[in-house]
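>>> using only what follows, build the 3D model:
(2 chains)
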Protein chains: 2
Amino acid sequence: MSVAGRVVLLVGGVGGAKLACGLARILPPEALTIVVNTADDFRHLGLHVSPDLDTVMYTLADLANPETGWGVAGDSFRAMEMLAGYDGPTWFRLGDVDLATHLARTAWLDEGLTLTQVTARLCERLGIRHTLLPVTDDPLATRLDTDEGELTFQVYFVARGWQPVVRAVRYVGADQAHIGAGVARVLEEAGLIVLGPSNPVLSIDPILAVPGVRERIIANSAPCVAISPIIGGRAVRGPAAKLMAELGMDVSPAGIARHYGDLLSGIILDEEDRALADAIEAVGVRAFARRTLMLTDKDKVNLAQALLTWAEGVAT
Amino acid sequence: MSVAGRVVLLVGGVGGAKLACGLARILPPEALTIVVNTADDFRHLGLHVSPDLDTVMYTLADLANPETGWGVAGDSFRAMEMLAGYDGPTWFRLGDVDLATHLARTAWLDEGLTLTQVTARLCERLGIRHTLLPVTDDPLATRLDTDEGELTFQVYFVARGWQPVVRAVRYVGADQAHIGAGVARVLEEAGLIVLGPSNPVLSIDPILAVPGVRERIIANSAPCVAISPIIGGRAVRGPAAKLMAELGMDVSPAGIARHYGDLLSGIILDEEDRALADAIEAVGVRAFARRTLMLTDKDKVNLAQALLTWAEGVAT
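As a prediction, the model looks like this:
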């Protein structure tokens, strides 16, 4: 650990969760806060599902299914099998154990707790000592204008397997959303802000779209560094590369750096993209090329440690 | 089968479901309609749970857990175990397979289907050929004034194990509830109306409280017969005897007959209560004493057959 002050990591789902896991192995609870995208959240079959919060939570609790990236390892699907027997909506698969998370969240939200409070309670009971914060307690929902018309996020992502061609992305509710009280504070006090290796458009941008997030990152003199989710022109997983291309972005770490613009002090790109480092530095963003793929726990910790060490240099 | 015209059975949960099962073995689908209490329904953990509809449905589909009387035989409870790990609300236990019923129902209600339509869809997909009808598609909820204050039905029944002393029972929403279109029609056309061996106050009365139900039973010249859920001063299961005593009712088939009053043409009481038959007949209600306990499938069919044969006599 090299950074002075709290590290704040902004993330979406799987890639961000892996980095969160690496950082959580190195940093004590008071030195790391993970701010999570909630624009994928939706009410499904009566339940409030928060896919990104769950992925990060299950990953930190060592419950995550490593094969799918979502859900709980070793979960069963008896409810889904019966639901299929009913010809019910099974396109979003909820495991039996996983269902408990949505049942508890829905019950507590219905009791009047905020999503922040519900998340804290779930994390505490899973033994997670680091703080997870939804970016906002208010409704926030990604909508995509596609060649199949306007789609909600989960229909685009899960039901349609991100095959529709995207023309534009909106974050419904962002204008009215209030930044979480804890989020505002940790962004103001952060010694390092990290934009995780998550989809920039679908995971990080909705966080940045909540009024007050971007402003606080800029107002804070601490470095803000990103980890590129693009390696060699491809996404490590998911639709990042396809979507960036459809939106006319440069599908490379340089495109990521340009996308985040003046928010960014530095970017970690994969060693495979080393040749792009100079071009990125030329526009005033520090660039650090190293292995970024996180396949093992060791990869996660190594990337997290490299990030913290390098960020100290960016800060000076 | 002896009765001319359709048999309409009014029921709550387990006892009524057993008789429904017996009748369904004898009568073809077009000759039997089962009208089910919905005043136990509640929204729980985000889901619309209809305990009585489910018990009847699972029983007719041969899925019911014979040991508990609720839920699905051989179900697992992985969701509930995880929910317990969250210190979540587990007092109302929902099995993993059973959860699918509530998930499907909630999804379809949220899509705008009525409870009647949802019930038909669930039944069809479980291979149930007889018609199950919720008494109403409108909100209806039993509330109990007890020595612990006012309690909702499920808190009284499940969370508190029907231990509170009941002073009064109300059916919230009954005044505004509309009788289901199918319910109105089958009650008008019925050749026999049967009040199942269910709790008179908690299962049958809320059905009768929906405007138009009682009126149609009276207007229909076909016999209306009850099966006493009380045998030898005790309920076969559940709080019927305790509750009747607390409400100052006579805990016997005679008390049941008086409770239903002029609705009733006849009552089947258990052979153990044979001595009460004359007193019941003296007030103008035909009484038939025979074994009423339904432990085996054969018991159910035998009681159903005896009911149909005897009811023909009542009708004349």
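
>>> for the rest of this, base every contact and every neighbour count on C-alpha atoms.
Noted.

>>> the stretch 51-200 of chain A: helices as residue ranges?
A:51-60, A:78-85, A:96-110, A:115-125, A:153-154, A:181-189 (DSSP state H, counting those that start in this stretch).

>>> show me what the longest one is packed up against.
Read it as helix A:96-110. Contacts defined by 3 or more Cα pairs under 8 Å, 6 or more residues apart in numbering or on different chains; DSSP states H and E place helix A:96-110 against strand A:47-49, helix A:115-125, helix B:78-85.

>>> for chain B, what are the nearby residues on chain A?
The interface of chain A toward chain B, taken as Cα under 8 Å from any Cα of the partner chain, is made up of A:44-47, A:78-83, A:85-89, A:96-101, A:103-104, A:106-107, A:110, A:121-122, A:125-126.

>>> any quick ChimeraX command for the buried ones out of the residues you listed?
ChimeraX command restricting the residues of chain A next to chain B to the buried ones, with burial defined by 16 or more other Cα atoms under 10 Å in any protein chain shown:
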select /A:44,45,46,47,78,79,80,81,82,83,86,88,89,96,97,98,99,100,101,103,104,106,107,121,122,126
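
>>> may I see the buried residues of stretch A:106-125?
Applying 16+ other Cα under 10 Å to stretch A:106-125 flags A:106-109, A:114-123 as buried.

>>> stretch A:123-137 too?
Buried, per 16+ other Cα under 10 Å, within stretch A:123-137: A:123, A:126, A:128, A:129, A:130, A:131, A:132, A:133, A:134, A:135, A:136, A:137.

>>> where does chain A dip in pLDDT?
A:1-4, A:315-316 (pLDDT under 70).

>>> select the longest helix from it.
helix A:297-315 (DSSP state H).

>>> by contact count, what packs against it?
Short answer (3+ Cα pairs under 8 Å, 6+ apart): helix A:297-315 packs on helix A:14-26.

>>> distance between the helix it packs on and the chain's centre?
Offset of helix A:14-26 from its chain centre (Cα atoms, centre = their mean, to the nearest Å): 11 Å.

>>> that helix - contacts with which helices or strands?
Short answer (3+ Cα pairs under 8 Å, 6+ apart): helix A:14-26 packs on strand A:7-11, strand A:32-36, helix A:51-60, helix A:297-315.

>>> okay if I get the ones you listed as JSON lines plus mean neighbour count?
Output for the helices and strands packed on helix A:14-26, formatted as JSON lines (neighbours: other Cα atoms under 10 Å in any protein chain shown):
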{"stretch": "strand A:7-11", "mean neighbour count": "27"}
{"stretch": "strand A:32-36", "mean neighbour count": "27"}
{"stretch": "helix A:51-60", "mean neighbour count": "25"}
{"stretch": "helix A:297-315", "mean neighbour count": "19"}
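
>>> want to throw these into CSV with distance to residue A:242?
What follows is those, written out as CSV (distance: least, Cα to Cα, whole Å):
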stretch, distance to residue A:242
strand A:7-11, 19
strand A:32-36, 23
helix A:51-60, 20
helix A:297-315, 25
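
>>> out of the helices and strands packed on helix A:96-110, nearest to residue A:290?
Among the helices and strands packed on helix A:96-110, the nearest to residue A:290 by Cα to Cα is helix A:115-125 (31.9 Å).

>>> before we move on, back to that, ok and the longest helix of chain A relative to helix A:14-26, angle-wise?
If you take axes from the mean of the first three to the mean of the last three Cα atoms, to 10 degrees, helix A:297-315 sits at 80 degrees to helix A:14-26.

>>> was I right about residue A:199 contacting residue A:226?
No - applying Cα atoms under 8 Å as the test, residue A:199 and residue A:226 come out as separate, 11.3 Å apart.

>>> where do the contact lists of the two overlap?
With Cα atoms under 8 Å, 6 or more residues apart in numbering or on different chains applied, the contact sets of residue A:199 and residue A:226 do not overlap.

>>> would you format the helices of the stretch 51-200 of chain A as a markdown table with distance to residue B:144 included?
Shown next, in a markdown table, are these (distance: least, Cα to Cα, whole Å):
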| stretch | distance to residue B:144 |
| --- | --- |
| helix A:51-60 | 39 |
| helix A:78-85 | 33 |
| helix A:96-110 | 23 |
| helix A:115-125 | 31 |
| helix A:153-154 | 42 |
| helix A:181-189 | 42 |
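
>>> residue A:9 is nearest to which of those helices?
Here helix A:181-189 is closest among these (Cα to Cα), at 9.7 Å.

>>> keeping just the C-alphas, turn that closest one into CSV.
Below are the C-alpha coordinates for helix A:181-189, written out as CSV (Å, rounded to 0.1, in the frame of the first residue of the first chain):
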residue,chain,number,x,y,z
ALA,A,181,-24.1,10.6,1.2
GLY,A,182,-21.3,8.1,1.7
VAL,A,183,-20.3,8.4,-1.9
ALA,A,184,-20.0,12.1,-1.8
ARG,A,185,-17.8,12.0,1.3
VAL,A,186,-15.4,9.3,0.1
LEU,A,187,-15.0,11.0,-3.2
GLU,A,188,-14.1,14.2,-1.4
GLU,A,189,-11.6,12.5,0.9
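
>>> report the buried residues of that helix.
A:182, A:183, A:184, A:186, A:187, A:188, A:189.

>>> distance check, residue A:309 against residue A:268.
Applying Cα to Cα, to the nearest Å, the value for residue A:309 to residue A:268 is 12 Å.

>>> for the stretch 101-250 of chain A, which residue gets nearest to chain B?
Chain B sits closest to residue A:107 of the stretch 101-250 of chain A, with a gap of 4.5 Å, by Cα to the nearest Cα.

>>> give the contact list for that residue.
Contacts of residue A:107 (Cα under 8 Å, 6+ apart): B:44, B:45, B:46, B:89.

>>> now the two most distant members of those.
Farthest-apart pair in the contacts of residue A:107 is B:46 and B:89; separation 11.9 Å (Cα to Cα).

>>> in stretch A:244-251, what's buried?
Here stretch A:244-251 shows A:244, A:249, A:250, A:251 as buried, counting by 16+ other Cα under 10 Å.

>>> quick one, strands of the stretch 201-316 of chain A?
In the stretch 201-316 of chain A, the segments counted as strands under DSSP state E, counting those that start in this stretch are A:224-227, A:230-231, A:234-235, A:266-270, A:286-290.

>>> packing partners of the last one?
Under the contact definition 3+ Cα pairs under 8 Å, 6+ apart, strand A:286-290 sits against strand A:266-270, helix A:277-282.
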